[in-house]
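K.L.:
could you look at this predicted model? Sequence included:
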Amino acid sequence: MTETKSPPQPVDERLPDIRATLERAAGALVCLDFDGTLAPIVDNPDAAAPLEPNRTAVVSLERAPGITTAVVSGRALADVRERVDGPSVYAGNHGLELARNGAVAVHPVARKRADRIQRVCSVLETALATVPNCRIENKRLTGTVHVRSVPPAVEPVVRRVTREVVDRFGGDALEISTGKRILEIGPDVPWGKGNAVELIAADEPPQTAVVYVGDDVTDESAFRAVEPNGIGIRVGDDEPSRASCRVESPAEVASVLSWLCSTGADLLGRSGPTVEPAADPSSTTRG
Ligand SMILES: O=P(O)(O)OC[C@H]1O[C@H](O[C@H]2O[C@H](CO)[C@@H](O)[C@H](O)[C@H]2O)[C@H](O)[C@@H](O)[C@@H]1O
């Protein structure tokens, strides 16, 4: 299927549409990616932390009447839960694990293939041990090879070795995808952040406006899930995206969250529920 993407517009230019969407909505679900969205990108993934204004905005948003918040991350669920407080819903491992309503659901195929991920991560840790600054992040259901700080001359070797190890121990069961200066190793299943966002949204009342904010390739499936009825906001430049809006940086994400918390919350439901006009049985259309 051909992907229809176009350059997202600065969020300020889309404010009239965003206001109209919220006015028509009974409530809002605000889904947030973590790295590159709430937290700036840093060399060491262990050191990533949300900007303070984002940290406080997430807590305030969850408390705002009519608004539910969710964090939808490529990190392991337990990891991202420790890094950001407040939301009532968390998705980890790009949606393969989902914590909501007091329970954690894990994609059944991902659960079955977790042993292979352990094996691949452990073999890669040994095979790439001598590569400076090459980190292997074992996230149980997926694994990440970080090349951000690897010397450029060695990076092709890291990519080749990763491919060979995944082919050998993963076969057709695992696949490699990309992200920001990472190789993501996961189960070869048609499941992503967009599927998780659809599940989370299904728990919300009808006519809830869904907002998704993210910065990376795996966020595109979530933008596709929310647009055009909801609001997709890409963090970064104006590279073509499924999101219709964009902000430049995690610092600008804080402004959007704070606007949603105040003005956005006030706008919810202003124009009342949308009712489809009943069909007029006396009218006929001739083609
Ligand atoms: O979906 P996300 O929450 O954005 O997670 C995507 C990946 O984010 C992390 O890696 C990225 O951020 C690191 C820290 O800033 C950076 O060093 C790395 O280059 C980025 O790709 C995380 O470590 C991965 O597990 C996530 O899959």
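P.N.:
Thanks, I have the structure now.
K.L.:
list the contacts of the residue of the chain found nearest the ligand.
P.N.:
Of all residues in the chain, the one sitting closest to the ligand is G74 (2.7 Å; Cβ to the nearest ligand atom). Using the backbone N, CA and C atoms, a C-beta is placed for each residue, glycine as well. The contact partners of G74, by Cβ atoms under 8 Å, 6 or more residues apart in numbering, come to 34-35, 93-94, 142, 144, 179, 184, 216, 218.
K.L.:
send the alpha carbons of stretch 222-229 over as PDB?
P.N.:
Taking C-alpha atoms only, stretch 222-229 is exported to PDB below (Å, rounded to 0.1, in the frame of the first residue of the first chain):
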ATOM      1  CA  ALA A 222       0.300   5.900  15.500                       C
ATOM      2  CA  PHE A 223      -0.200   9.000  13.400                       C
ATOM      3  CA  ARG A 224      -1.900   6.900  10.800                       C
ATOM      4  CA  ALA A 225      -4.200   5.500  13.600                       C
ATOM      5  CA  VAL A 226      -5.300   9.000  14.800                       C
ATOM      6  CA  GLU A 227      -5.400  11.100  11.700                       C
ATOM      7  CA  PRO A 228      -7.500  12.700  10.200                       C
ATOM      8  CA  ASN A 229     -10.200  12.700  13.000                       C
END
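K.L.:
do it and the ligand meet?
P.N.:
No. Judged by Cβ under 6 Å from any ligand atom, stretch 222-229 stays clear of the ligand, getting no closer than 9.5 Å.
K.L.:
can you give me how far that stretch is from the chain middle?
P.N.:
How far stretch 222-229 lies from its chain's middle: 12 Å, per Cα atoms, centre = their mean, to the nearest Å.
K.L.:
buried sites along it?
P.N.:
Using 16 or more other Cβ atoms under 10 Å as the burial criterion, the residues of stretch 222-229 that qualify are 222-227.
K.L.:
what residues are up against the residue lying closest to E204 once chain neighbours are set aside?
P.N.:
Spatial nearest neighbour of E204, excluding adjacent residues (Cβ to Cβ, 6 or more residues apart in numbering): L29 at 5.1 Å. Neighbouring residues of L29 by Cβ under 8 Å, 6+ apart: 67-70, 200-201, 204, 208-211.
K.L.:
go on, G264?
P.N.:
Contacts for G264 (Cβ under 8 Å, 6+ apart) come out as 18, 22, 28, 67.
K.L.:
S88 reaches V59, doesn't it?
P.N.:
No. Using Cβ atoms under 8 Å as the test, S88 is too far from V59 to be in contact (11.4 Å).
K.L.:
any common contacting residues for the two?
P.N.:
Counting by Cβ under 8 Å, 6+ apart, no residue touches both S88 and V59.
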